[in-house]
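# I would like to see how this sequence folds:
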Amino acid sequence: MGENILSVIYLLLVIALVFPGFYYANKNKKVFLKNLIIWLSIIGIVIIFANFLR
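Numbers count the residues shown, from 1 in each chain. Here you go, the predicted model:
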């Protein structure tokens, strides 16, 4: 249980570090939403595979 909490904390910290640069690079709203959807789908696929392999 403790490892899961640390994993979530690390993920949130990485997102907090990456998001400002991601937002700055995607000032256009259409491009931002498109890239955000792509990244959310990639993260979702990784999470599904990580849970499937356990």
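
# okay, CA-based contacts and neighbour counts for the rest of this
Noted.

# ok, His5 - how many residues close by?
Not quite, residue 5 is Ile, not His. Ile5 has 10 neighbouring residues, counting by other C-alpha atoms under 10 Å.

# work out for me the element it sits within.
If you go by DSSP states H and E, Ile5 is part of helix 2-25.

# what average pLDDT does that helix get?
In this model, helix 2-25 has an average pLDDT of 84.

# any idea how far whichever helix or strand comes after it is from the chain center?
Sequence order places helix 29-52 as the next helix or strand after helix 2-25, per DSSP H and E. Centroid displacement of helix 29-52 relative to its chain, using C-alpha atoms, centre = their mean, to the nearest Å, is 7 Å.

# distance check, the residue nearest the centre of the chain against Asn28.
What sits nearest the mean C-alpha location of the chain, by C-alpha atoms, centre = their mean, is Ile43, with 5.4 Å. Using C-alpha to C-alpha, to the nearest Å, Ile43 is found at 22 Å from Asn28.

# done for today, thanks.
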